[in-house]
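K.L.:
Provided below are the primary sequence and the corresponding predicted coordinates.
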Protein chains: 2
Amino acid sequence: MREVVIGVDLGATKILTGAITTGGQILAKAKFPTCSGERDAGEILDLISNSIIKTIEDNCFAEDEIRGIAVAAPGPLSYPDVEVVDSPNLGWSKLFLKDELCRRLGRQVIVEKDTNMAVLGEYFFGQRYNCRCLLYITVSTGIGGGIMIDGKLYRGSGGGAGEFGHMVLDPRGPKCKCGRHGCWEALASGTAIAREAAGFVSQGKGEGILANCAEGEQIGAREVGDAARKGDPEASAIILRASRYLGIGIANLVNIFNPDTVVLGGGVALGLQDLFYDSLLEHVCNNVFALNSRNLKIEMTKLGNDIGLWGCLASVLYSP
Amino acid sequence: MREVVIGVDLGATKILTGAITTGGQILAKAKFPTCSGERDAGEILDLISNSIIKTIEDNCFAEDEIRGIAVAAPGPLSYPDVEVVDSPNLGWSKLFLKDELCRRLGRQVIVEKDTNMAVLGEYFFGQRYNCRCLLYITVSTGIGGGIMIDGKLYRGSGGGAGEFGHMVLDPRGPKCKCGRHGCWEALASGTAIAREAAGFVSQGKGEGILANCAEGEQIGAREVGDAARKGDPEASAIILRASRYLGIGIANLVNIFNPDTVVLGGGVALGLQDLFYDSLLEHVCNNVFALNSRNLKIEMTKLGNDIGLWGCLASVLYSP
């Protein structure tokens, strides 16, 4: 009998809900805008549970076909009670996410931090079984991480491990949305790239970047990347700066964890890899101890933007 | 029958050799200068093995009383073959330390990186059994770390984990002896404190600090600490700067690992704790996610400078 897992990847801008068979076939996928600025937590939780029910109904999954339901959500999330303690991305706090979702759906739901789901997906479906230590780093609007050690998800003492984006790399650096200065996220994420571009524009520069923006559209990492590919020197300088900081942060993590493999994912890393990957690799290998670069692999995820869904499948099958 | 472990803590300036009973009583301790600048690796290895033989002979330990022999050595050390790949502290490279010591002594010797030994000592003899994640940070001439996760020493993929001192915290910061700029070690170690003090002196300042130095003696963290305790503003500024960086680095590690407990040791941390501990604690708690500061303990080791010897005992008894 076919068995499926319903997975949800909750982001600040969109919700991705999908159904994957336990054999690894994606049967359905649907996106919904989160509108986290306009909706309160209760409304977004309703949206998630409705998207799960809709996926089940639309695909006519029988009750006994459903192996499990899992949700990836932005952190920080406590463990094991899965409380959103204080989420800068969603603006939620003191919310028992798992309990709320279980109550709405009347069944068990696995809920994990999105980056934890991603590293589970990468380990089990990106075929990383040979890794004693696998680090997953997502670079998108923010920067986050997931850690697998000896085939187990490492969550830390209470669920808070892997907040790589809030490693301070330059105390005199730009302000981060967490309130501190010079967090990795404030230096190398999509937000950082967009901020640098906006800085050029506010000084009357950045023409090459603006030329890649549709009228009235906000400048983002994608537009800066497009301009850099066309040889725009300001865009190239912004990408170079972000990739240099990306390299510093990864080198730090390599010296701290001595991982076998670092996998990069997230919209910005996937979208700009042609612009930064080679220099990043070189920077990291030249800036860690020789012992830590032995056998080190730094790779892009092959699971793309579905990595969270693959993680949901992994979390149900291998209940970590 | 009484059983003893012979432990050696090898440092760049001194070798500490001791004998501890399996019941936890230190029976003997002796220090020898390492003179790593004047002696080659072979001579230092002879010194270590001779100090072990001397400890056995001086204390008339019978062969069947000796439960094991263990050596803590500066890293990086590969695992499991215990090769010194490239030690900035001792200037050694490509040396199979364990094999060399076993051959000299004609018996099994456990060899671990000094900070790994220290975290083992702290876990088993500093009574940290309740920690899911224990980080040990030594602040002395350099900064290093040891990691215990779920009661097991975490060494990373090949022995290189825990190189906390080479986490870059300020790419525009002072040069580190590893060659990079702004490593934690270059900002917050005893070496960093001494460098800042020398900077004042070279500008004709630092009188209050110099007043604590014996004629012809080099300024070190101890002298700066003494001057700060007497209210010297330059010394106080140096200590404040180092403790601010200490706080940034620890906050980073707390956001990365979400440990239960961070234990500090090493000459500088132990010697200057009255000057930095309170502000450090406040800084870390204010600069990590709320979830990561829940239940977080930051404490000084109670094992003092013998922590390496306690680690040697732990490594023999609980062979990690």
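P.N.:
Arrived safely. Everything numeric in this text was worked out from a predicted model, so none of it was measured.

K.L.:
for A:Ile15, which non-adjacent residue is closest in space?
P.N.:
Computed as CB to CB, 6 or more residues apart in numbering or on different chains, the closest residue to A:Ile15 that is not its neighbour in sequence is A:Phe32, at 4.6 Å. To be clear about C-beta, it is placed using only N, CA and C from the backbone, and glycine gets the same treatment.

K.L.:
and for A:Cys183?
P.N.:
Here the residue nearest A:Cys183, using CB to CB, 6+ apart, is A:Cys176, at 3.8 Å.

K.L.:
next: A:Ala269.
P.N.:
Nearest in space to A:Ala269, with sequence neighbours left out and distances taken as CB to CB, 6+ apart, is A:Val139 at 4.0 Å.

K.L.:
mind listing what that neighbour touches?
P.N.:
Shown here is A:Val139, whose contacts under the criterion CB atoms under 8 Å, 6 or more residues apart in numbering or on different chains are A:Ala188, A:Ser189, A:Gly190, A:Leu246, A:Leu264, A:Gly265, A:Gly266, A:Gly267, A:Val268, A:Ala269.

K.L.:
before we move on, what about A:Gly266?
P.N.:
The contact partners of A:Gly266, by CB under 8 Å, 6+ apart, come to A:Ile137, A:Thr138, A:Val139, A:Ser140, A:Ile143.

K.L.:
if you set the cut-off to 10 Å instead, what comes out?
P.N.:
Remark: with contacts taken as CB atoms under 10 Å, 6 or more residues apart in numbering or on different chains, A:Gly266 is in contact with A:114-115, A:118, A:136-144, A:189-190, A:301, A:305, A:307.

K.L.:
likewise for A:Asp170?
P.N.:
Residues counted as contacts of A:Asp170 (CB under 10 Å, 6+ apart) are A:181-184, A:186-187, A:245, A:248, B:168-173, B:182.

K.L.:
can you tell me the element A:Asp86 falls in?
P.N.:
Using DSSP states H and E, A:Asp86 falls within strand A:83-87.

K.L.:
repeat that for A:Ser243.
P.N.:
Secondary-structure element containing A:Ser243, defined by DSSP H and E: helix A:233-257.

K.L.:
what comes up buried for that helix?
P.N.:
Of the residues in helix A:233-257, those buried under the neighbour-count criterion (16 or more other CB atoms under 10 Å in any protein chain shown) are A:234-236, A:238-239, A:242-257.

K.L.:
any weak-confidence spans in chain A?
P.N.:
A:320 (pLDDT under 70).

K.L.:
quick one, strands of it?
P.N.:
Using DSSP state E, the strands assigned to chain A run over residues A:4-10, A:14-21, A:26-33, A:66-73, A:83-87, A:92-96, A:110-113, A:133-139, A:143-149, A:152-153, A:261-265, A:297-300.

K.L.:
TSV please, covering those strands and showing distance to B:Arg132.
P.N.:
Output for the strands of chain A, formatted as TSV (distance: least, CB to CB, whole Å):
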stretch	distance to B:Arg132
strand A:4-10	27
strand A:14-21	31
strand A:26-33	35
strand A:66-73	22
strand A:83-87	18
strand A:92-96	22
strand A:110-113	17
strand A:133-139	17
strand A:143-149	12
strand A:152-153	12
strand A:261-265	24
strand A:297-300	28
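
K.L.:
for the closest residue to A:Ile48 other than its chain neighbours, name its beta-bridge partners.
P.N.:
Leaving aside its chain neighbours, A:Ile48 sits nearest to A:Val8 (5.6 Å; criterion: CB to CB, 6+ apart). Legend: beta-bridge partners of A:Val8 under DSSP bridges are A:Thr17, A:Val71.

K.L.:
so what's A:Val8 up against?
P.N.:
When contacts are counted by CB under 10 Å, 6+ apart, A:Val8 touches A:15-18, A:32, A:47-49, A:51-52, A:55, A:69-73, A:101, A:109, A:111, A:117, A:308-309, A:312.

K.L.:
how does it look with 7 Å?
P.N.:
A:Ile15, A:Thr17, A:Ile48, A:Ser51, A:Ile52, A:Val71, A:Ala72 (CB atoms under 7 Å, 6 or more residues apart in numbering or on different chains).

K.L.:
for burial, what's the neighbour tally of A:Gly308?
P.N.:
28 (other CB atoms under 10 Å in any protein chain shown).

K.L.:
got a list of what it touches?
P.N.:
Taking CB under 7 Å, 6+ apart as the definition of contact, the neighbours of A:Gly308 are A:Asp9, A:Leu16, A:Ala72, A:Asp114, A:Met117, A:Ala118, A:Gly121.

K.L.:
before we move on, what about A:Val254?
P.N.:
When contacts are counted by CB under 7 Å, 6+ apart, A:Val254 touches A:Val262, A:Val284, A:Val288, A:Asn292, A:Leu296.

K.L.:
spell out which residues of chain A are next to chain B.
P.N.:
A:76, A:78, A:85-86, A:132-133, A:149, A:154, A:156-161, A:163-164, A:166-171, A:180, A:248, A:251-252, A:255-260, A:287, A:289-292, A:294-295 (CB under 7 Å from any CB of the partner chain).

K.L.:
now restrict these to buried residues only.
P.N.:
If you count burial by 16+ other CB under 10 Å, the buried members of the residues of chain A next to chain B come out as A:76, A:78, A:85-86, A:132-133, A:149, A:154, A:156-161, A:163-164, A:166-171, A:180, A:248, A:251-252, A:255-260, A:287, A:289, A:291-292.

K.L.:
for chain B, what's the nearest residue on the stretch 51-200 of chain A?
P.N.:
Scanning the stretch 51-200 of chain A for proximity to chain B using CB to the nearest CB identifies A:Gly156 as nearest, at 2.6 Å.
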